[in-house]
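> I'll drop the sequence and a predicted model, then ask my questions.
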Amino acid sequence: MNVNYHKLNSWDQAIFLESYSANAYVPFSLCNCTFLSFVNKHGIQLVSHLEPRGCIRFRCSLTNTILDVLRQRPGWIERMDFYWCDVGWLRDHFDHMYLEEHVRISHFRNHYQLTRKNLMVKNLKRYRKLLERETGRLEAEKCDFFPCTFELPFEYHLFVEEFKKNPGRTWIMKPVGRSQGEGIFLFRKLKDITDWKKTSLSPEGSRFDEQKDETQVERYVAQRYIENPYLIGGEANKFMRVFSFIPLKVYLYRDGFARFSNARFTLSSIDDHYAHLTNVAIQKTAQDYDPEKGCKWQIQQLRRYLGAKHGMEVVETVFKDMDAIIVRSLQSVQKIIINDKHCFELYGYDILLDENLKPWLIEVNSSPSLNATNIEDYGLKCRLLEDILHIVDMERRLTGKEKQVGGFDLIWNNGPVYKDISSLVPLGYSSFLENTHLGCVNDRKQQLKQLFSLSKDGRVHD
């Protein structure tokens, strides 16, 4: 009887490996895999599809651009050295797994401390208080980059108190556990959330309904709506990657995009989601939505537009402020995130510019959409993912001292990272310019060729 090794349970696999792997010889080949057949002591023939040495085994539960990139990478096959998992799998399986030294997984165990809307605000508030206590108010004010926010139902009375201070202001309600604009609505009157309150709170408004326990009540955040957005820039989406939280090591991608609404912005109709929400999942349902054009610019286009209208000095300040938001938000959870050498994380930052060009952090995504809306979007995300794999460096080609890998720039490594511009100092340039290039030319192809001196088994996307 033939039995496929990969269909055996872990115990039988262990017995097989202990009994036979020491005597197995696998000819090396990048093109061909080897099938080995053994008969165990019970007379059962074990057939093992053994991968050639030098291959990197990966696993992926998603079916978008990341799967294409992984399958096309030379020497990578679908097994388990590298797993691009969804957060549901992580929650259900991570705590019960033993991972070998070299294995890498695409999420930190409690990534949600930054990516759940309520926890993000809670940690930022806590961090701001910590800074004020330890370094003073001026330093703490550097964390004033997120709108006034309350978690409901727990902070309902605090919310009402703040709401009454500024009657007529627009607020936005967001469910903390949903995405793609689902369940979001705007309101200006307390009675506008009466229906929500009745289903979530008791008549007294101070405790849960007797029919529900804490886990059954859906949590929302009530957030002061930015009523004066920058009407061209829209919402900027930035990609960055965390390699480690202790010490904190952060790479920022040069590319990104600015999202727009498909309808003209107006506060006279707060029920029009096409005017107020830039989520692609919502905008693509508009009758006049063009999937080829989409509702977004490349971040380089936004940078050029802002530079032409406001001057490059202003643009540099805006983009540095965005970088500071990223670093400080990560610092707010640095001591909370469970640091694990097997883990890394790709975060997508949603940052809104107001009419004064002040950036506001709206939310952070632990699973930024890797679905492509058009050919241009597909190319951007494939290049992004290729460069993430270069940084993960399963092939062990990096030295660990690189400040740029493809389109990623190292902006924080247990402290700010500065550019190598010693040759420019005699020309009057500061020798301490931060190593950030968001929205600048992405010279990744040339940089990777220099970095790896591409051999016949290397590859770089155009």
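Good, I have the coordinates.
> check which residues of the lengthiest helix in the chain are buried.
Ranked by residue count and defined by DSSP state H, the top helix of the chain is helix 312-333. Using 16 or more other Cβ atoms under 10 Å as the test for burial, helix 312-333 gives 315, 318-319, 321-333. Placement of C-beta: from N, CA and C, glycine included.
> convert the C-alpha atoms of that helix to PDB, please.
The C-alpha trace of helix 312-333 is given here as PDB (Å, rounded to 0.1, in the frame of the first residue of the first chain):
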ATOM      1  CA  MET A 312       9.000  71.800  -2.200                       C
ATOM      2  CA  GLU A 313       9.900  73.100   1.300                       C
ATOM      3  CA  VAL A 314       6.300  72.700   2.400                       C
ATOM      4  CA  VAL A 315       6.100  69.300   0.800                       C
ATOM      5  CA  GLU A 316       9.200  68.100   2.600                       C
ATOM      6  CA  THR A 317       7.600  69.200   5.900                       C
ATOM      7  CA  VAL A 318       4.400  67.300   5.100                       C
ATOM      8  CA  PHE A 319       6.100  64.100   4.200                       C
ATOM      9  CA  LYS A 320       8.400  64.300   7.200                       C
ATOM     10  CA  ASP A 321       5.300  64.700   9.400                       C
ATOM     11  CA  MET A 322       3.900  61.500   7.800                       C
ATOM     12  CA  ASP A 323       7.100  59.700   8.600                       C
ATOM     13  CA  ALA A 324       6.900  60.900  12.200                       C
ATOM     14  CA  ILE A 325       3.400  59.600  12.500                       C
ATOM     15  CA  ILE A 326       4.500  56.100  11.400                       C
ATOM     16  CA  VAL A 327       7.400  56.000  13.900                       C
ATOM     17  CA  ARG A 328       5.500  57.300  16.800                       C
ATOM     18  CA  SER A 329       2.500  55.000  16.300                       C
ATOM     19  CA  LEU A 330       4.900  52.100  16.200                       C
ATOM     20  CA  GLN A 331       6.700  53.300  19.400                       C
ATOM     21  CA  SER A 332       3.300  53.500  21.100                       C
ATOM     22  CA  VAL A 333       3.000  49.700  20.800                       C
END
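> quick one: distance of that helix to the chain centre.
Its chain's C-alpha centre and that of helix 312-333 lie 16 Å apart, by Cα atoms, centre = their mean, to the nearest Å.
> any idea which helix or strand comes after that helix?
Once the chain leaves helix 312-333, the next helix or strand it forms, by DSSP states H and E, is strand 345-353.
> give me the buried positions along whichever helix or strand comes after that next one.
On the C-terminal side of strand 345-353, the closest following helix or strand by DSSP H and E is strand 359-365. For strand 359-365, the buried set under the neighbour-count rule, 16+ other Cβ under 10 Å, comprises 359, 360, 361, 362, 363, 364, 365.
> follow-up on the earlier one: elements contacting the longest helix of the chain?
For helix 312-333, the elements it packs on are helix 112-115, helix 117-135, strand 235-245, strand 248-259, helix 299-310, strand 345-353, strand 359-365, strand 408-413, judged by 3 or more Cβ pairs under 8 Å, 6 or more residues apart in numbering; DSSP states H and E.
> and it, average pLDDT?
For helix 312-333, the mean per-residue pLDDT is 94.
> point out where the stretch 301-450 of the chain drops to low pLDDT.
Applying pLDDT under 70 to the stretch 301-450 of the chain flags the ranges 421-432.
> at 80 instead, please
Counting by pLDDT under 80, the ranges of the stretch 301-450 of the chain that qualify are 373, 420-432.
> repeat for the stretch 101-250 of the chain
In the predicted model of the stretch 101-250 of the chain, residues 177-183, 193-217, 231-241, 243 satisfy pLDDT under 80.
> now do the strands in it.
Using DSSP state E, counting those that start in this stretch, the strands of the stretch 101-250 of the chain run over 104-105, 149-152, 171-175, 185-187, 220-224, 235-245, 248-259.
> distance to residue 420 added to those, as JSON lines?
Below are the strands of the stretch 101-250 of the chain laid out as JSON lines (distance: least, Cβ to Cβ, whole Å):
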{"stretch": "strand 104-105", "distance to residue 420": "28"}
{"stretch": "strand 149-152", "distance to residue 420": "40"}
{"stretch": "strand 171-175", "distance to residue 420": "42"}
{"stretch": "strand 185-187", "distance to residue 420": "47"}
{"stretch": "strand 220-224", "distance to residue 420": "41"}
{"stretch": "strand 235-245", "distance to residue 420": "20"}
{"stretch": "strand 248-259", "distance to residue 420": "16"}
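> quick one: closest of the ones you listed to residue 339.
Residue 339 lies closest to strand 235-245 among those, at 4.6 Å (Cβ to Cβ).
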